[in-house]
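In: what shape does this take:
(3 chains)
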Amino acid sequence: METVDIVKVAVETAPYAIDKVYDYLLPETLCDQVVVGMRVMVPFGRGNRKSEALVLARTTGEKTPKMKAILQVLDEAPVLDGKGISLALWMHQRYFTTVYQAAKTQLPAGLWYRMEEVYQVAPEVEDLEALTLPEPAIALLKVMKKEGRLSCQAVCARCGADGEGYLPLLVEKKLVVKATQAHRKHRDKTQKVVSLAMDDESAMALVAGKKRSAPMRFAVVEFLIAAGRSAITDVTYFTGASLATVKGLEKSGIVTLSQEEVLRVPEVTASVQGAPIALNEEQQHSFDQLLVLTQKEEPQVALLQGVTGSGKTQVYIRLVQAVLAQGKQAMMLVPEIVLTPQMMGKFASYFGNRVAMLHSGLRTTERYDQWKRIRRGEVDVVLGTRSAVFAPLERLGLVILDEEQEGSYQSDSAPRYHARDIAKYRCTQYGATLVLGSATPLVETAYAAQQGQYHHYYLTQRYNQKPLPEVLFADMRQELRNGNSGAISGLLRTELEKNIQAGEQSILFLNRRGSSRMLLCVECGQSPQCPHCSVALVHHTANGRMMCHHCGYSEKASMYCPDCHGMMKQVGYGTQKVEEELQALFPDVEVLRMDADTTATGHEKILKQFGDEKTPILLGTQMVAKGLDFANVTLVGVLSADLSLYVDHYRATERTFHLLTQVVGRAGRGELTGRGIIQTFTPENDVMIHAAHQDYQGFYQTELTLRQLRRSPPFADIFTFTVSGGEEGAVLKGACTVRDTLKQVLSHPELEGIAPQVLGPAPAPILKVNNRYRYRVTLVAKNVTPIRQRISWLLREFPSTHRGLNLFVDCNNMS
DNA sequence: AGCACGCCGACT
DNA sequence: GTCGGCGTGCTC
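Out: Next comes the predicted model:
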């Protein structure tokens, strides 16, 4: 047997069921080009369809009859290093995803290839006139013969839709061949740069004599001496010279033209250089301890638990500075960067152009160019949201996860990774330190700290030394008995009045989870449903339409019921309704409203207006709970504190606590002491009481006991299996098979200590989305290798026995 | 007999 | 996922 070069690859088009490391022959012509971590093109499957693949390793070995050869190399340099490949392999195990998917998740979208079907006339077809075909088909062939390879879209653009209709026929008659072509949507941006080919004096000497006859040549050289090497567009813009003049200078050997890459990176605007940071005693203590961690060789995890306003950011910045001084790099992750412009400003002022910001507002190209900057080592600090955790820093020394309890750290599409887990894994790879920052950590995190797995540091004092706001309950049951069925209790109304009188501002928070604005027929009680999903359509007053938030369906809102022609009425506690109620209570008082209907760019405007104009009342949903810092706000009201408590989710209590403490923490940030009002139907509920007192420890103890009883994290992990498909009966049957198979494979003596528990099937909270029914099976068990292996086996086995059904699994879902 | 469709299994 | 092979069953 002959020995050949072999590449071991992860193939993109191999679905999870058959995902494994495939061996391909490496042709001699590509031998020098292929490096581990590059993407290549390979033939895959019976039809030898082209697929992308990632080179995981190179070896030499015996050629087997099955082995095919790689076709093409797609990268000039590796897109992942060894650590990135290890991470992909780990994600594959951890998140039940293919290795390729896991690798792709780490890369910026600007680097992704898009596969395109292209058509060209078969080489053996010579005489088009001799063919007996309809007229449009002949025309189509003529165009193709002239233009070469054409995509389906290109065919349509040139020959119209009926011309395109003949494509399948021509392919079938083997007159046209179909091929797959990979191309990247976003190219590297380059520009032509002009520089002098000699020293200033010699260049000047060459053009000065002809200043009269060739003034433009002179002007260009003069400009280049003054400005140095410049983009050709700048040269022509500032001198008025034409491209021909510059090219002429190149021909004479006076200047050189070169093609250089430019990065599309938004400018970092540091208004001022950051002043040295003075830490208070408590901050200094935490900082000192954390600094010691960063100096260790072994990876470390620390929880920095600081009450709102305790100045965690100062500690972070000092820590990043310290890590940079050690010659290492740092990463700071935040839940939603558009809500933390202060954070961006601070990092800009302290780290200038050494920081790369990766936030949702960036274009694909900008994000890609930031990635290139990071990979080249031009950046020492990365500040960004969830996906920034993959930033290719080679000397990673520190990762900070601010507001670690936030659900946005978990990806909402497959693979549903959690940035905390990825960060932890990367820190292990680099021997780096992970700092989890929060006022109200997740119960799992606090538990790990309590158990000594994480270091634990506290910041207990508010930076402005102000006491926490006093919190009062408004018992909404009593309000109902008193005949007030509105959204504003008597107590809140009185307090709002006081604030308006005093010229102080108030924030009202409406927790809208579990209610929405829909239309209801007064006569028959019907409300319009989405035809594709099992949800009521949400009424949008802005465009007068009813919309489905799951599949995007919308229809015009009608005043009358389509069934019985009764009057339609809007129901549901939307912010709009509350706004109306406020208007009725305080007719002369301005109210600002901020919710999902107001656009993202609108938010900043609204917040600016609220800060500048001292508008008396700001009314909003989730987004007002986070990061708002207004000195003049002294009253915060939570309109319906219970709503998030009765969601069927193991995190419902925790989330309610986070929300309430956050909202109440908005009051009294300035000189004035604040107060909070929580409107609830269950003021005696533990969560309400703990939140009112900002008593994290009390909440934690109660919740931990409950979690232990209910077997939820950190005591067990919750795997959710979702079966989906077009036919409800088949889906339910499939879900039953999942349940039975799980029960069967998990009743093994080896797993006795884990005591896996299988529950369900149950319909998903929204049974039907986009005409697909979904049923769920829940598995409660520790997320350990033997459990994962069995789940993986089920996921691989299921598709072949249940065609038409789809099965996926999530672990410890945040939402 | 000839073909359409759907099921199954393999994928380096 | 996507393809080809192959069996079943229907039609000409």
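In: C-alpha only now, for contacts and for neighbours.
Out: OK.
In: off-centre distance for stretch A:99-117?
Out: With Cα atoms, centre = their mean, to the nearest Å as the basis, stretch A:99-117 stands 15 Å off its chain's centre.
In: what sits up against that stretch?
Out: Stretch A:99-117 has contacts (Cα atoms under 8 Å, 6 or more residues apart in numbering) with A:10-12, A:19-20, A:53-54, A:79-80, A:84-85, A:88-89, A:91-92, A:151-152, A:178-186, A:364-365, A:367-368, A:371, A:387, A:390-391, A:415.
In: span of it from start to end?
Out: In stretch A:99-117, first residue to last residue: 25 Å (Cα to Cα, to the nearest Å).
In: from the contacts of stretch A:99-117, which land in helices?
Out: Using DSSP state H, the members of the contacts of stretch A:99-117 that fall in helices are A:Gly84, A:Ile85, A:Ala88, A:Leu89, A:Met91, A:His92, A:Cys152, A:Thr364, A:Thr365, A:Arg367, A:Tyr368, A:Trp371.
In: and the contacts of stretch A:99-117, which are buried?
Out: Buried members of the contacts of stretch A:99-117, counted by 16 or more other Cα atoms under 10 Å: A:10-12, A:19-20, A:53-54, A:79-80, A:84-85, A:88-89, A:91-92, A:151, A:178, A:181-182, A:364-365, A:367-368, A:371, A:387, A:390-391, A:415.
In: all strands for the stretch 601-750 of chain A, in order.
Out: Secondary structure of the stretch 601-750 of chain A by DSSP state E, counting those that start in this stretch: the strands cover A:617-620, A:633-638, A:675-680, A:717-725.
In: most tightly packed of those?
Out: Stretch with highest mean neighbour count among the strands of the stretch 601-750 of chain A: strand A:633-638 (a mean of 27; mean count of other Cα atoms under 10 Å).
In: just how off-centre is that one within its chain?
Out: In terms of Cα atoms, centre = their mean, the centre of strand A:633-638 is set 31 Å apart from its chain centre.
In: what do you get for stretch A:423-436?
Out: Chain-centre distance of stretch A:423-436: 20 Å, with Cα atoms, centre = their mean.
In: quick check: end-to-end length of that stretch?
Out: One end of stretch A:423-436 sits 10 Å from the other (Cα to Cα).
In: what comes up buried for it?
Out: For stretch A:423-436, burial by neighbour count (16+ other Cα under 10 Å) applies to A:423-436.
In: who's in contact with that stretch?
Out: With Cα under 8 Å, 6+ apart as the criterion, stretch A:423-436 contacts A:83, A:87, A:293-294, A:296-304, A:389, A:395-404.
In: longest helix of chain A?
Out: The longest helix of chain A (DSSP H) is helix A:728-746.
In: only C-alpha atoms, please: export that one in PDB.
Out: Extracted C-alpha coordinates of helix A:728-746, given in PDB (Å, rounded to 0.1, in the frame of the first residue of the first chain):
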ATOM      1  CA  GLU A 728     -49.300  16.900  15.500                       C
ATOM      2  CA  GLY A 729     -50.000  13.100  16.000                       C
ATOM      3  CA  ALA A 730     -46.600  12.100  14.600                       C
ATOM      4  CA  VAL A 731     -44.800  14.700  16.800                       C
ATOM      5  CA  LEU A 732     -46.500  13.500  19.900                       C
ATOM      6  CA  LYS A 733     -45.700   9.900  19.000                       C
ATOM      7  CA  GLY A 734     -42.100  10.900  18.400                       C
ATOM      8  CA  ALA A 735     -41.900  12.700  21.700                       C
ATOM      9  CA  CYS A 736     -43.200   9.500  23.400                       C
ATOM     10  CA  THR A 737     -40.500   7.500  21.700                       C
ATOM     11  CA  VAL A 738     -37.900  10.000  23.000                       C
ATOM     12  CA  ARG A 739     -39.300   9.600  26.500                       C
ATOM     13  CA  ASP A 740     -39.300   5.800  26.300                       C
ATOM     14  CA  THR A 741     -35.900   5.600  24.700                       C
ATOM     15  CA  LEU A 742     -34.400   8.000  27.400                       C
ATOM     16  CA  LYS A 743     -36.000   6.000  30.200                       C
ATOM     17  CA  GLN A 744     -34.600   2.800  28.700                       C
ATOM     18  CA  VAL A 745     -31.000   3.900  28.000                       C
ATOM     19  CA  LEU A 746     -30.800   5.800  31.400                       C
END
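In: before we move on, the earlier item: of all the strands of the stretch 601-750 of chain A, which one is nearest A:Cys156?
Out: strand A:717-725 (32.9 Å; Cα to Cα).
In: spell out which parts of chain A neighbour DNA strand B.
Out: A:14, A:17-18, A:22-25, A:43-46, A:48, A:66-69, A:800-801 (Cα under 7 Å from any atom of the strand).
In: ok, and of those residues, which contact DNA strand C?
Out: Residues of the residues of chain A next to DNA strand B in contact with DNA strand C (Cα under 7 Å from any atom of the strand): A:Ala14, A:Ala17, A:Ile18, A:Gly45, A:Arg46.
In: of the residues you listed, which pair is most distant in space?
Out: Pairwise across those, and taking Cα to Cα, the largest span is found between A:Ala17 and A:Arg46, at 16.4 Å.
In: and the two? Which one has more around it.
Out: A:Ala17 (17 against 6; other Cα atoms under 10 Å).
In: ok, that one touching A:Leu794?
Out: No - with contact defined as Cα atoms under 8 Å, A:Ala17 does not count as touching A:Leu794 (9.4 Å).
In: among the ones next to DNA strand C among the residues of chain A next to DNA strand B, which has the minimum pLDDT value?
Out: Across those, the smallest pLDDT goes to A:Arg46, namely 89.
In: am I right that that residue falls within a strand?
Out: No - counting by DSSP: H, G, I helix; E, B strand; the rest coil, A:Arg46 is not part of a strand but coil.
In: please name the nearest non-neighbouring residue to A:Ala231.
Out: Distances taken as Cα to Cα, 6 or more residues apart in numbering put A:Val193 closest to A:Ala231, at 4.3 Å, once the chain neighbours are dropped.
In: now distance to A:Gly726 and pLDDT too, for the ones in helices among the contacts of stretch A:99-117, in TSV please.
Out: Shown next, in TSV, are those (distance: Cα to Cα, whole Å; pLDDT from 0 to 100):
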residue	distance to A:Gly726	pLDDT
A:Gly84	38	98
A:Ile85	37	98
A:Ala88	32	98
A:Leu89	33	97
A:Met91	30	98
A:His92	28	97
A:Cys152	29	73
A:Thr364	34	93
A:Thr365	38	94
A:Arg367	37	94
A:Tyr368	38	95
A:Trp371	40	97
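In: thanks again, I'm all set now.
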